[in-house]
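**Student:** I'll drop the sequence and a predicted model, then ask my questions.
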Amino acid sequence: MNEKALYPLAGCTVWLTRPVAQNQALQQAIETLGATVLSLPMLVIRAVEPSPADKDRILNLDNYNLVFFVSTNAARIGLDLIGNFWPQYPLGIQNFAVGSGTAAVIESHGLAVVYPQERMSSEAMLALPELQQIRGKKALIVRGVGGREILASGLEARGCKVDYAELYERLPAIWQKDQLQQYLQERYPDAVVLSSAEAMDNFAAQFQQTGTAWISLPLLVASERLEKHAQGLGFENIRVMAGAGDEAIISALLGEDSK
């Protein structure tokens, strides 16, 4: 077997922009395929002290029929907090994840979870068959501070009562101009993986200070929504992946399943 078959990404440089904890397994997998990986986190995730209302919702988790985890951070931080109050997860709750990576965190706690198989988004979650008849049910969305309202609005439109538990915040990572210029000169990417609008906004803001042609950097983005967001920021070289999970990212890097 030739080297290209063993290492299909040999000679490629990939920049990963997710928070550090979310990059480790993905970086190892990509490096196994022969690529050079630069971990360039654009967001810092920090758990916040639950508000009295959020703490009350966790304490009364058994009052909810549906619990949604909208990211791997939501699943990790949320389930750790839930475990502090509930040694055994309440029975009768149907858990939902935004994608396979988030689902894997939930499953690692021994819980069943439903998630969209093909696309990772709030819209894809709302299309799940399990969410078509939910009038009169109660839902808790576990997320970071702020965020999109698409999921809650869609659930409420179907007659479901929705609460939030906002358990972490996303802070922009700050990089030195000289360091970024060095990366551009010595480790120019064949692909920059971006999976959130906030990370993309900070990526653009950080590279604007370098005075380089940052708009031509080759982006791999997780959805059509992010593609439009990137275009609005001025980026010119954009490909859409099938999602934001590790498998979708690797498939896109290999030239498979991207749009």
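**Tutor:** Looks like it came in fine.
**Student:** Can you dump the C-alpha atoms of the one helix or strand residue 165 maps to in CSV for me?
**Tutor:** Using DSSP states H and E, residue 165 falls within strand 161-172. The C-alpha coordinates for strand 161-172 follow below in CSV (Å, rounded to 0.1, in the frame of the first residue of the first chain):
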residue,chain,number,x,y,z
LYS,A,161,-43.3,25.0,27.4
VAL,A,162,-39.6,25.8,27.3
ASP,A,163,-37.1,26.8,30.0
TYR,A,164,-33.3,27.5,29.7
ALA,A,165,-30.4,26.4,32.0
GLU,A,166,-27.5,28.7,31.0
LEU,A,167,-24.4,27.1,32.5
TYR,A,168,-21.4,28.4,30.8
GLU,A,169,-20.1,31.4,28.8
ARG,A,170,-18.0,31.7,25.7
LEU,A,171,-15.2,34.2,25.8
PRO,A,172,-13.1,35.3,22.8
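**Student:** List the residues that contact residue 212.
**Tutor:** Contacts for residue 212 were tallied using C-beta atoms under 8 Å, 6 or more residues apart in numbering; they are 181, 184. Yep, even glycine has a C-beta here, placed from its N, CA and C like the rest.
**Student:** Could you point out which residue ranges in the stretch 101-250 of the chain have low pLDDT?
**Tutor:** For the stretch 101-250 of the chain, applying pLDDT under 70 flags no range at all.
**Student:** now do the same end-to-end measure for stretch 164-178.
**Tutor:** Start and end residues of stretch 164-178 are separated by 41 Å (C-alpha to C-alpha, to the nearest Å).
**Student:** Go ahead and name everything in contact with that stretch.
**Tutor:** Around stretch 164-178, the neighbours that count as contacts under C-beta under 8 Å, 6+ apart are 40-48, 50-51, 54, 57-58, 73-74, 77-78, 81, 140-146, 152, 198, 201-202, 205-206, 209-210.
**Student:** Same check on stretch 57-69?
**Tutor:** 50, 75, 78-79, 81-82, 85-86, 90-98, 102, 105-106, 125, 131, 134, 137-142, 151, 155, 160, 163, 165.
**Student:** Render the CA-only coordinates of that stretch in PDB, please.
**Tutor:** Taking Å, rounded to 0.1, in the frame of the first residue of the first chain, the C-alpha atoms of stretch 57-69 are listed here in PDB:
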ATOM      1  CA  ARG A  57     -34.700  24.000  37.200                       C
ATOM      2  CA  ILE A  58     -32.000  21.400  37.800                       C
ATOM      3  CA  LEU A  59     -33.400  20.500  41.200                       C
ATOM      4  CA  ASN A  60     -36.800  20.000  39.500                       C
ATOM      5  CA  LEU A  61     -35.400  18.200  36.500                       C
ATOM      6  CA  ASP A  62     -38.000  15.400  36.900                       C
ATOM      7  CA  ASN A  63     -40.700  17.900  36.000                       C
ATOM      8  CA  TYR A  64     -39.500  18.100  32.400                       C
ATOM      9  CA  ASN A  65     -40.400  15.700  29.600                       C
ATOM     10  CA  LEU A  66     -37.600  16.700  27.200                       C
ATOM     11  CA  VAL A  67     -34.100  17.900  27.900                       C
ATOM     12  CA  PHE A  68     -32.000  19.400  25.000                       C
ATOM     13  CA  PHE A  69     -28.200  19.700  25.100                       C
END
